[in-house]
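> what follows is a protein structure lacking sequence information:
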């Protein structure tokens, strides 16, 4: 912001509230973005895990059953450990050894997060988020599908909610009792606060659109976006909660986990959300990179990274390895030391020079 331009929201905070407010804004924004990326990574891992399980179970005729009774109703399942009377799941894999090998290499916590690196790392190197914004527009079809998906499930389950005490002797997993108040409600408001949080990303997104002159309508578009998000949250959360046929404590933060992995409609929903989050994750990474580099160097694309690699990896390390090898062979001379030392100094000078030319980029 050396030329007085407003690049990000933290620049606005710095101009209006001072340097300390700018630092606080940058810190809070980066923490929020990193937290969002972590959540997206967990969701992508979960979706990919269940998609792989569905394909494997269909190919190798794997069935999933409870160990000592039923805990599932019309493809609604309860995986919560906090509800009594529920049973653990067993995977009856007819391929035996093949099933154990699959579970070893297809683990939600050990292997799949690493597999995602192969997919997402190349996508993080795009310089503009425009392609992902356009792809995410196509991914909005998954949202339309989710609207239909929840409506179909709700119609099949019917209304399953009671605002009274659970009858004595009733099974925990059949209870439709909805608590009218819980002291844990701040968890919901905290999630909602993050769900509506977009202040730190607006400038990064609208600055890269094809027709920036249309940004004057940004306020109107943001208001409409907030309203649509509110309607979507109330629709999904309210309708699913009212109609879910098992204990309400069985509903997890990822509601798709309360649907059996063998459910075809749920599989399509997971595939659609996986595609949409794959488009959103690089956008979050882009915004994080832009805000971090802009805050540190005043330029969203500093050129020091290539110079740093050229300094220590392309020049520094090879020169050191060469000198050490010559010393071990007893052939190291002052000429070698001076020659390789000059190469290192040239690389260092090139790296340092980047910080003096950033303002001209």
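Thanks, I have it. Just so it is clear, the model here is predicted, and its values are computed rather than measured. Residues are numbered from 1 along each chain as shown.
> from now on I want contacts and neighbour counts done on CA atoms only, so please keep to that.
Noted.
> and residue 103, how many neighbours?
Counted with other Cα atoms under 10 Å, the neighbours of residue 103 add up to 13.
> distance check, it against residue 318.
43 Å (Cα to Cα, to the nearest Å).
> could you say which helix or strand holds residue 344?
helix 334-357 (DSSP states H and E).
> I'd say residue 139 and residue 275 touch.
Yes - under the criterion of Cα atoms under 8 Å, residue 139 makes contact with residue 275 at 6.6 Å.
> now do whichever helix or strand residue 136 is part of, average pLDDT.
Using DSSP H and E, residue 136 sits in helix 130-157. Averaged over helix 130-157, pLDDT sits at 85.
> my guess is residue 51 contacts residue 268. True?
No - checked against Cα under 8 Å, the pair residue 51 and residue 268 is beyond contact range at 9.0 Å.
> the two - which one has more neighbours?
The neighbour comparison of residue 51 against residue 268 (other Cα under 10 Å) goes to residue 51, with 20 against 16.
> for the helix or strand containing residue 292, packing partners?
If you go by DSSP H and E, residue 292 is part of helix 264-297. Helix 264-297 makes packing contacts with helix 19-60, helix 112-123, helix 130-157 when contacts are defined by 3 or more Cα pairs under 8 Å, 6 or more residues apart in numbering; DSSP states H and E.
> and that helix, how far from the chain's centre?
Remark: helix 264-297 is offset 6 Å from the chain centroid, using Cα atoms, centre = their mean, to the nearest Å.
> same question, stretch 226-244
For stretch 226-244 - counting by Cα atoms, centre = their mean - the centre lies 21 Å from the chain centre.
> then stretch 120-133?
Chain-centre distance of stretch 120-133: 14 Å, with Cα atoms, centre = their mean.
> would you mark the buried spots in that stretch?
Residues of stretch 120-133 classed as buried: 123-124, 129, 132-133 (neighbour count, 16 or more other Cα atoms under 10 Å).
> and those residues, which two are furthest apart?
124 and 133 (13.6 Å; Cα to Cα).
> returning to that earlier point: avg pLDDT for the helix holding residue 344?
Helix 334-357 carries an average pLDDT of 80.
> kindly report the same for stretch 37-49.
The pLDDT scores in stretch 37-49 average 93.
> from residue 237, how far out is residue 275?
Taking Cα to Cα as the measure, residue 275 and residue 237 are separated by 22 Å.
> those two: who's more crowded?
residue 275 (18 against 13).
> please name the nearest non-neighbouring residue to residue 106.
Nearest non-adjacent residue to residue 106, counting by Cα to Cα, 6 or more residues apart in numbering: residue 112, 6.3 Å away.
> what's the neighbour count on residue 276?
Residue 276: 22 surrounding residues under other Cα under 10 Å.
> where in the chain is pLDDT low?
Along the chain, the model assigns pLDDT under 70 to residues 1-8, 63-74, 80-99, 164-175, 199-216, 297-314, 354-361.
> can I see the domain layout of it?
With automatic domain parsing as the criterion, the domains of the chain are listed as 9-297, 304-360.
> tell me which residues touch the residue nearest to the spatial centre of the chain, please.
In the chain, the C-alpha nearest the mean C-alpha coordinate belongs to residue 40, at 1.6 Å (Cα atoms, centre = their mean). Residue 40 makes contact with 277, 281 under the criterion Cα atoms under 8 Å, 6 or more residues apart in numbering.
> the same query, at a cut-off of 6 Å, please.
By Cα atoms under 6 Å, 6 or more residues apart in numbering, the contact set of residue 40 is empty.
> from residue 39, how far off is the residue nearest to residue 106?
15 Å.
> the two: which is more packed in?
Neighbours were counted for residue 112 and for residue 39 using other Cα under 10 Å; residue 112 has more, 18 against 13.
> how far away is that one from residue 250?
Where residue 250 is concerned, residue 112 sits at a distance of 25 Å (Cα to Cα).
> repeat that for residue 146.
Taking Cα to Cα as the measure, residue 146 falls 20 Å from residue 250.
> next: residue 338.
Distance from residue 338 to residue 250, by Cα to Cα: 71 Å.
> more crowded one of those two?
The neighbour comparison of residue 338 against residue 250 (other Cα under 10 Å) goes to residue 250, with 22 against 11.
> in the host helix or strand of residue 10, which residues are buried?
Counting by DSSP H and E, the element that carries residue 10 is helix 9-17. Buried residues in helix 9-17, defined by neighbour count with 16+ other Cα under 10 Å: 9-14.
> that helix packs against which elements?
With contacts taken as 3 or more Cα pairs under 6 Å, 6 or more residues apart in numbering; DSSP states H and E, helix 9-17 sits against helix 19-60.
> what's the angle between the helix it packs on and helix 112-123?
In terms of direction (axes from the mean of the first three to the mean of the last three Cα atoms, to 10 degrees), helix 19-60 departs from helix 112-123 by 120 degrees.
> and the angle from helix 19-60 to helix 264-297?
Going by the same axes, to 10 degrees, helix 19-60 makes 150 degrees with helix 264-297.
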